[in-house]
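Colleague: Model the structure of this input:
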Amino acid sequence: MGTEAAEWVVLLHGMCRTSRSMRKMAGELEAAGFRVLNFDYPSRTASVESLANTFVDRAVSECRKQGARRISFVTHSLGGILVRSYLSRHELPELGRVVMLGPPNGGSEVVDRLAGLWLFGALNGPAGRELGTGRDSTPIRLGPVTFEVGVLAGDRSINWINSGMIRGPDDGKVSVERTKVEGMSGHRVVHATHPFIMRHPEAIRLTVHFLRRGTFD
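Modeller: Numbers count the residues shown, from 1 in each chain. Have a look, this model is predicted:
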């Protein structure tokens with residue numbers, strides 16, 4: 001049994017998405033020898049902290065039941081903030097590595113502009129409103145990371161309205177610069193959009209490489 005066989009990788013989809021959005025990534029990770037837990041969580045129903053404490057914790061418990069000796073994470077968008085929130089409050093001795101795709105680690109100007117609108121709240125829920133760029137936003141308050149994390153950012157947008165609110169290169173939701181987080185182990189840009197970065201071949205290749213090596217190089 002290879003090293004990866006003892007390692008479980010938890011996949012966390014983004015806001016308003018489901019585990020189906022991570023299915024291609026899941027298949028490629030399984031083909032690379034990892035055990036994968038790809039599951040749904042109700043991203044629109046609760047705060048970041050509540051979602052993390054409930055659903056990330058549930059995923060960790062399931063991996064432990066399966067005998068995982070190492071637990072890594074691959075996340076899309078909001079999923080990365082849930083992992084940061086969870087690891088800021090919980091010890092995880094089995095923690096491996098984390099790859100975040102399109103995470104709003106520095107928040108998003110789109111949230112700054114739209115969070116006060118009723119429709120935004122109805123579509124994105126409490127967690128969505130926490131992802132602004134101000135000092136009180138959840139990703140800003142979480143501070144530096146203290147675990148191995150590689151960040152992949154997209155620089156292609158198909159949402160020109162959102163991109164008009166964002167400074168610098170962006171993926172239609174988050175600027176390349178705001179995907180970064182202090183303490184990260186690596187950062188790469190791929191020519192992908194926010195909704196589909198987790199299906200991009202180069203993003204998948206880099207994800208597998210980082211999980212194995214702890215670097216994108």
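
Colleague: all helices of this structure, in order?
Modeller: Along the chain, the stretches classed as helices by DSSP state H are 23-31, 48-51, 57-65, 78-89, 109-114, 118-129, 138-142, 160-163, 201-213.

Colleague: Out of those, which is closest to Leu12?
Modeller: helix 78-89 (3.0 Å; CB to CB). C-beta: built from backbone N, CA, C; applies to glycine.

Colleague: quick one: buried residues of the closest one?
Modeller: Leu78, Gly79, Gly80, Ile81, Leu82, Val83, Arg84, Ser85, Tyr86, Leu87 (16 or more other CB atoms under 10 Å).

Colleague: same deal with stretch 28-36?
Modeller: Residues of stretch 28-36 classed as buried by neighbour count (16+ other CB under 10 Å): Glu28, Leu29, Ala32, Phe34, Arg35, Val36.

Colleague: out of these, what pair is the most spread apart?
Modeller: In the buried residues of stretch 28-36, two members sit farther apart than any others by CB to CB. They are Glu28 and Arg35, at 13.5 Å.

Colleague: Tell me which residues touch Arg89, please.
Modeller: Contact analysis of Arg89 by CB atoms under 8 Å, 6 or more residues apart in numbering lists Glu49, Ala52, Asn53.

Colleague: In JSON lines, list those along with distance to Asn162.
Modeller: Listed next are those as JSON lines, based on distance: CB to CB, whole Å:
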{"residue": "Glu49", "distance to Asn162": "26"}
{"residue": "Ala52", "distance to Asn162": "25"}
{"residue": "Asn53", "distance to Asn162": "30"}
